[in-house]
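>>> Give me a 3D structure for the following:
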Amino acid sequence: MDNKRITGLTLAQLQPGIPQVLPEGSFVTLTLVTDRFGSQMHLLTISNGRLVFTVILERGMDIGEIRLDAEKISWDRDERYLLHPDHVDLTDNEHSGWDSGFYAAVAAIGPEIFGTPDEERTVHGTGSYSPALLESVRLIWDERQICLEGNVPVRGYGTLPVYEKLIRIVTNYGAAALFREDTVRNLTDTAQPVDDGYHIQLAGVFMSGGGSYVLPVSPGKMLLRDSAPPEEDPLAVYNSGSRLDPIRCYQYIPEPVEGLAALPQVRDYHAVAGGGRELTAEMLVNTGQDAAAYVIRSLQCFPRSLIAKRATGDCMYALEPCKTRPNSMKQKTIDGEVVYVGPRGQSTGWFILGATRDPQEITTLTHLIRSAAK
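Residues are numbered from 1 along each chain as shown. Below is the predicted model of the structure:
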C-alpha cells in the first residue's frame, strides 16, 4: 500500500458483532465464537464488496470460509470441527488429531513439516494450531485495497518458539480474488528447516454435481500415494452422492504456466509479491464449466503440489502447494529436499486464491493451465 490516504484499526478497536464500514461497500466484523469445549476464538469477517472471507485468529490466521457474490465457494465443513488449539491433540496420529480440528478453507501446513509425522514432529506441523498475537492484528485500507496483518508465534514442540510468522491477507475492492503471504522467521541462532505449504479446500456447493481438477501436469506424471486403490481418472471430482474412501493423494511437480502474470486478477498481487518469477496455477471446475475456483502461486515459493481427495460424510477435494514431497523429515533429508533458513533468517511464500462464474475466464484459465501440462 503506497497510497498516502491509508486508514487502519486494531482488533481492540472493533466491537464484536458491529460491522466496521470500509470504502466501496466493504466491511469488517469481529465475531467471538465458542467451540464445543467452551473456549473462545476471534473470527474476523472481511468483505471487499464482493468477496467475503473469514479469518480465525486462534488458528494461525487460517481462512475459515469464502463466499463470492453470497455463494459459498469453500467446502461445507461442520462447525463442530472449529476447535480452539487447546482442544486438539496433534500427537494423536492414530486417530488423526490434526483432522479432528480441521475446519478451514485455507489451513497452514508446517512450518516444521509438510506431511508424515516422526518422533519429533506431528503430522502437518503446528502452524494451523498457533494463535495470533491479538495485539499485533491490524486492518489497514486505502482507496484501492484492504490488508489484514498479524504475527503468529508458532506453537512448536518446546517451551520457546522456534518460528514466528508474519501473515498478510490482501484483497482489492470488488475483486473475486485475495492474496495471502506468510513470512516464516527463524527465531534461533541455528539454521532451521522450513517445510511449509497450505491445505486449500475450494470444492463448495458449486461442485456438488461433480467436475474436475485442471492441473499443470499430465495425469501420467501424478504419483498416487499410500497404496490407495487407483482411480480411472485422477482428475475427477465426484458428485455429492458418490463415495470415495480411503483418501487418494497424488503428488506431482507442476509446470510453469505462461501468461498468468498478465491476467487482471493476478497483475496487482503479483507486483505486491515482487513479480518476475515463474508462476503456476491449479483449478477446480464444475461439470457445467460455468463455475470454478483456482490457486495461483510462485514456483520459487512452492515448487511441488499435492491433491487430496475424499468423499464420505463431506467432500474433500484439496489443493496443496508445498515445498517438498509429503514424506518424513528423515526421508526428505536423505533425498536432499529440505529447505533451511539461516539463523534469524526468513522465508516467504504466497498465493492468490480466486473464483469465477465467467465462462470466458474459465476457458482462458483452462487453456493456459492445460497448455503447460507435458
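>>> Pull out the buried positions in stretch 18-26.
Leu22, Pro23, Glu24, Ser26 (16 or more other C-beta atoms under 10 Å). To be clear about C-beta, it is placed using only N, CA and C from the backbone, and glycine gets the same treatment.
>>> Using a markdown table, lay out the residues you listed together with distance to Gly158 and pLDDT.
Shown next, in a markdown table, are the buried residues of stretch 18-26 (distance: C-beta to C-beta, whole Å; pLDDT from 0 to 100):
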| residue | distance to Gly158 | pLDDT |
| --- | --- | --- |
| Leu22 | 40 | 96 |
| Pro23 | 44 | 95 |
| Glu24 | 45 | 95 |
| Ser26 | 41 | 97 |
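>>> and of these, the nearest to Asp142?
Of all those, the one with the least separation from Asp142 (C-beta to C-beta) is Pro23, at 8.5 Å.
>>> Quick check, that closest one in contact with Gln145.
No: in this structure Pro23 lies outside contact range of Gln145 using C-beta atoms under 8 Å: 9.7 Å.
>>> Now do the shared contacts for those two.
Residues touching both Pro23 and Gln145 (C-beta atoms under 8 Å, 6 or more residues apart in numbering): Tyr173.
>>> Name the nearest residue to Leu299, sequence neighbours excluded.
Excluding its sequence neighbours, the residue lying closest to Leu299 (C-beta to C-beta, 6 or more residues apart in numbering) is Glu278, at 4.5 Å.
>>> same thing with Ala105?
In space, and not counting its chain neighbours, Ala105 is closest to Ser74: 3.4 Å by C-beta to C-beta, 6+ apart.
>>> That neighbour: what's it in contact with?
Contacts for Ser74 (C-beta under 8 Å, 6+ apart) come out as Ile63, Glu65, Ile66, Arg67, Ala105, Gln201, Leu202, Gly204.
>>> Can you read off the pLDDT for Asp76?
The model reports Asp76 with a pLDDT of 87.
>>> again, but for Gly275
So, for Gly275, pLDDT stands at 69.
>>> cool, the one 4 residues further on as well?
On pLDDT, Leu279 comes in at 95.
>>> Count the residues that sit near it.
24 (other C-beta atoms under 10 Å).
>>> Then Ala176?
If you count neighbours by other C-beta under 10 Å, Ala176 ends up with 21.
>>> Now, the buried residues of stretch 18-26 that are in helices?
Judged by DSSP state H, helices contain none of the buried residues of stretch 18-26.
>>> so when I look at the residue nearest to Ala105, I'm seeing a helix, right?
No: remark: Ser74 does not belong to a helix; assigned using DSSP: H, G, I helix; E, B strand; the rest coil, it is coil.
>>> Distance check, it against Pro131.
Shown here: Ser74 relative to Pro131, a distance of 22 Å by C-beta to C-beta, to the nearest Å.
>>> Ramachandran coordinates for Asp86?
Dihedral pair for Asp86: phi -60, psi -20, per degrees, to the nearest 10.
>>> Can you read off the pLDDT for it?
With respect to pLDDT, Asp86 scores 91.
>>> Am I right that it is in contact with Gln40?
No: the pair Asp86 / Gln40 is not scored as a contact, 10.8 Å apart, by C-beta under 8 Å.
>>> What about the residue lying closest to Asn48 once chain neighbours are set aside, how many residues nearby?
Counting by C-beta to C-beta, 6+ apart, Asn48 lies nearest to Thr171, which is 4.5 Å off, once chain neighbours are set aside. When neighbours are counted by other C-beta under 10 Å, Thr171 registers 28.
>>> Looking at strand pairing, list the partners for Thr171.
Beta-bridge partners for Thr171, by DSSP bridges, are Ile146.
>>> do Ser212 as well
Ala236, Val285.
>>> got the contact list for it?
Contact analysis of Ser212 by C-beta under 8 Å, 6+ apart lists Asp233, Leu235, Ala236, Val237, Leu284, Val285.
>>> which among those gets closest to Asn327?
Of all the contacts of Ser212, Asn327 sits closest to Leu235, with 23.5 Å by C-beta to C-beta.
>>> That closest one - nearest residue in space that isn't next to it in sequence?
In this structure, Leu235 finds its nearest non-sequential neighbour in Tyr213, 4.5 Å apart by C-beta to C-beta, 6+ apart.
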